[in-house]
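Student: Okay, sequence plus prediction incoming.
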Amino acid sequence: MSLYHAALFLHIVGALGLFAALALEWAGLSNLRRARSVGQFQDWAGLLQGLRRVGGPSGLTLIISGIYLTVTRWGSQPWIILGLIGLVTMAVLGAVVTGRRLGSMAKELSDEGALSRALRGRLQDPCCCCRPGFGPASGWES
């Protein structure tokens, strides 16, 4: 197997891993919006924090193998540049918009019981929990 084929394989694996992370993020954010208790919130927030182990390495693999493939075989194509811009935009928006809001919500949690009305209202904010992106887990801690 040539180096090109190995890089192409890693590129496809990185893309699949990134799509898996996006699917898990979507499921986590959707269920987080339905959380009614602190325990439910913490369970789904834990899933979102675990995305670092999937999304980060997948994105890095995708970028590194993509750069190699671009330099060695594909050349500078407009779709490659647009794809890289889209990937970076998703990462930044995930960390800045979703990540910060969920981080501030996690700090407001009480010990146990039901979520406060204000916190449930913030969970329904479309900017917080409805957009799939690359990293609410990359910008907040519970």
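Tutor: The structure has been received and is ready for your questions.

Student: Can you name the next helix or strand after the lengthiest helix in the chain?
Tutor: Criterion DSSP state H: the longest helix present in the chain is helix 3-33. Of the helices and strands lying after helix 3-33 in sequence (DSSP states H and E), the nearest is helix 38-49.

Student: before we move on, the earlier item: mind giving me the packing neighbours of the longest helix of the chain?
Tutor: The elements that helix 3-33 packs onto, with contact taken as 3 or more CB pairs under 8 Å, 6 or more residues apart in numbering; DSSP states H and E, are helix 38-49, helix 52-69, helix 126-129. Every C-beta, even on glycine, is put in place using the N, C-alpha and C of the backbone.

Student: Relative to G17, tell me which of the ones you listed wins on proximity.
Tutor: With CB to CB, the closest approach to G17 among those belongs to helix 52-69: 3.0 Å.

Student: residues of the closest one that come out buried?
Tutor: Buried residues in helix 52-69, defined by neighbour count with 16 or more other CB atoms under 10 Å: V54, G55, G56, S58, G59, T61, L62, I63, S65, G66, Y68, L69.

Student: Give me the nearest residue to the fifth one, chain neighbours excluded.
Tutor: With sequence-adjacent residues excluded and distances taken as CB to CB, 6 or more residues apart in numbering, G59 is closest to L18, at 5.8 Å.

Student: Relative to V54, how far out is that neighbour?
Tutor: Distance check for L18 against V54: by CB to CB, to the nearest Å, it reads 8 Å.

Student: do the same with F41
Tutor: 21 Å.

Student: How about L32?
Tutor: Using CB to CB, one gets 17 Å for the distance from L32 to V54.

Student: L119 now?
Tutor: Going from L119 to V54 by CB to CB gives 27 Å.

Student: Kindly report the same for I12.
Tutor: I12 sits 16 Å away from V54, taking CB to CB as the criterion.

Student: repeat for G86
Tutor: 19 Å.

Student: thinking L102 is in contact with A45, fair?
Tutor: Yes: counting by CB atoms under 8 Å, L102 sits close enough to A45 to count as a contact (6.9 Å).
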